[in-house]
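Enquirer: missing the sequence, but the structure's below:
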């Protein structure tokens, strides 16, 4: 019997009918969601495919007959669904994946013509003391971005082998291929990921009290258009990305000058809420005051902290992300300017 990866290859009793089967399968929803998110880089798409996985499992439960564990069977369905979906979609990116950073603070900005799909941040799940150690940190934004550089089957192999710690034989069975093919795909995926992964994002400060204070100071400085304070908070080589804007910056002086000239002059009254996403990364939900006096969703800024400074800010200007991250749909007119933490 093989118990690695949380499944066995000995015979099992077939799942029960109806509600009992759905309840048992739904218990795997959080980890299936993380798996599909790693594969697709999109919360919207991952949710759709997890729902499809559970539906397909329910419809096919009588043919399952307990030949493997329920977990293994669900991963087989989910991975197959992801690979099929990826046949018809372009890879998801952040602006840094489109080309070199700009050194022109007066660059003409504006959304791309279309056809670009962006990586999305993912809400942190409730704390789970039983979480597999190998999976911790496995949905960090930098890793998700780097995974999208891999061909889909290499991506699946690397996730199953290096993130979930499945054996090569298990992955071969799941993908319907040979162990040798899995090992070869894993080697190529590791080499490609080594080139694609931004190593500086793998080392980041914990979000302790000092880290939260840094994020709060950053939020206040941005709200106040305080470039001097921002200059102290940002690293010299800070990366500023603002999808769906394809232009990005990798130099503090250029990024600050861009903010001074093109962002601060048009900032309305705003409020921020602190949260964590992508397995503990600090983020700020930015709300802008509307004509009705309410503060409405504007963007979610995912931050990377390193050596008590901000090393990277990816500002997702997509209000549709707010409900996916469990954020309020609006803040009241009398909301205080201080940053409060939602989780």
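Expert: Nice, I can see it. Since the model is a prediction, treat every value here as computed from it, not as a measurement.
Enquirer: all strands of the stretch 151-300 of the chain, in order?
Expert: Along the stretch 151-300 of the chain, the stretches classed as strands by DSSP state E, counting those that start in this stretch are 234-242, 245-249, 270-277, 281-289, 295-306.
Enquirer: and of those strands, who's closest to residue 143?
Expert: Across those, residue 143 has its closest neighbour in strand 281-289 (10.9 Å, C-beta to C-beta). In this view, the C-beta of every residue, glycine as well, is placed from N, C-alpha and C.
Enquirer: any stretches of the stretch 151-300 of the chain with poor pLDDT?
Expert: Within the stretch 151-300 of the chain, the set of residues satisfying pLDDT under 70 comprises 197-204.
Enquirer: before we move on, the earlier item: tabulate the strands of the stretch 151-300 of the chain (JSON lines), appending distance to residue 213.
Expert: Output for these, formatted as JSON lines (distance: least, C-beta to C-beta, whole Å):
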{"stretch": "strand 234-242", "distance to residue 213": "16"}
{"stretch": "strand 245-249", "distance to residue 213": "25"}
{"stretch": "strand 270-277", "distance to residue 213": "11"}
{"stretch": "strand 281-289", "distance to residue 213": "11"}
{"stretch": "strand 295-306", "distance to residue 213": "11"}
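Enquirer: who wins for proximity to residue 215 among the ones you listed?
Expert: Nearest of the strands of the stretch 151-300 of the chain (C-beta to C-beta): strand 281-289, 4.9 Å.
Enquirer: against which helices or strands is that closest one packed?
Expert: helix 209-223, strand 270-277, strand 295-306 (3 or more C-beta pairs under 8 Å, 6 or more residues apart in numbering; DSSP states H and E).
Enquirer: got those as JSON lines, with mean neighbour count columns?
Expert: Output for those, formatted as JSON lines (neighbours: other C-beta atoms under 10 Å):
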{"stretch": "helix 209-223", "mean neighbour count": "17"}
{"stretch": "strand 270-277", "mean neighbour count": "21"}
{"stretch": "strand 295-306", "mean neighbour count": "22"}
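Enquirer: minimum distance to residue 172: which of those has it?
Expert: strand 270-277 (33.7 Å).
Enquirer: now the helices for the protein?
Expert: 18-26, 29-40, 43-59, 61-64, 70-86, 141-147, 152-158, 168-175, 179-196, 209-223, 227-233, 252-258, 321-324 (DSSP state H).
Enquirer: got the helices and strands packed on strand 281-289 as a markdown table, with distance to residue 340 columns?
Expert: Output for the helices and strands packed on strand 281-289, formatted as a markdown table (distance: least, C-beta to C-beta, whole Å):
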| stretch | distance to residue 340 |
| --- | --- |
| helix 209-223 | 9 |
| strand 270-277 | 6 |
| strand 295-306 | 13 |
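Enquirer: mind checking how far the residue lying closest to residue 340 once chain neighbours are set aside is from residue 150?
Expert: Spatial nearest neighbour of residue 340, excluding adjacent residues (C-beta to C-beta, 6 or more residues apart in numbering): residue 273 at 6.2 Å. Between residue 273 and residue 150 the computed distance is 34 Å (C-beta to C-beta, to the nearest Å).
Enquirer: again, but for residue 331
Expert: 39 Å.
Enquirer: dump the residue contacts of the spatially most central residue of the chain.
Expert: Note on the chain: the residue nearest the mean C-alpha position is residue 121, at 3.8 Å, using C-alpha atoms, centre = their mean. Counting by C-beta atoms under 8 Å, 6 or more residues apart in numbering, residue 121 makes contact with 43, 141, 277, 278, 283, 300, 302, 314, 316, 321, 325.
Enquirer: circling back: residue 293: which of the helices of the chain is closest?
Expert: Here helix 209-223 is closest among the helices of the chain (C-beta to C-beta), at 17.1 Å.
Enquirer: name the helices or strands packed onto the closest one?
Expert: Looks like helix 209-223 contacts helix 227-233, strand 270-277, strand 281-289, strand 295-306, strand 309-316 (3+ C-beta pairs under 8 Å, 6+ apart).
Enquirer: residue 31 is nearest to which of these?
Expert: Of these, nearest to residue 31 by C-beta to C-beta is strand 270-277, at 17.5 Å.
Enquirer: quick one: that closest one to chain centroid distance?
Expert: Offset of strand 270-277 from its chain centre (C-alpha atoms, centre = their mean, to the nearest Å): 16 Å.
Enquirer: now do stretch 162-173
Expert: That offset, for stretch 162-173, works out to 23 Å (C-alpha atoms, centre = their mean).
Enquirer: surely residue 32 meets residue 74?
Expert: Yes. In this structure, residue 32 is within contact of residue 74 by C-beta atoms under 8 Å, at 6.2 Å.
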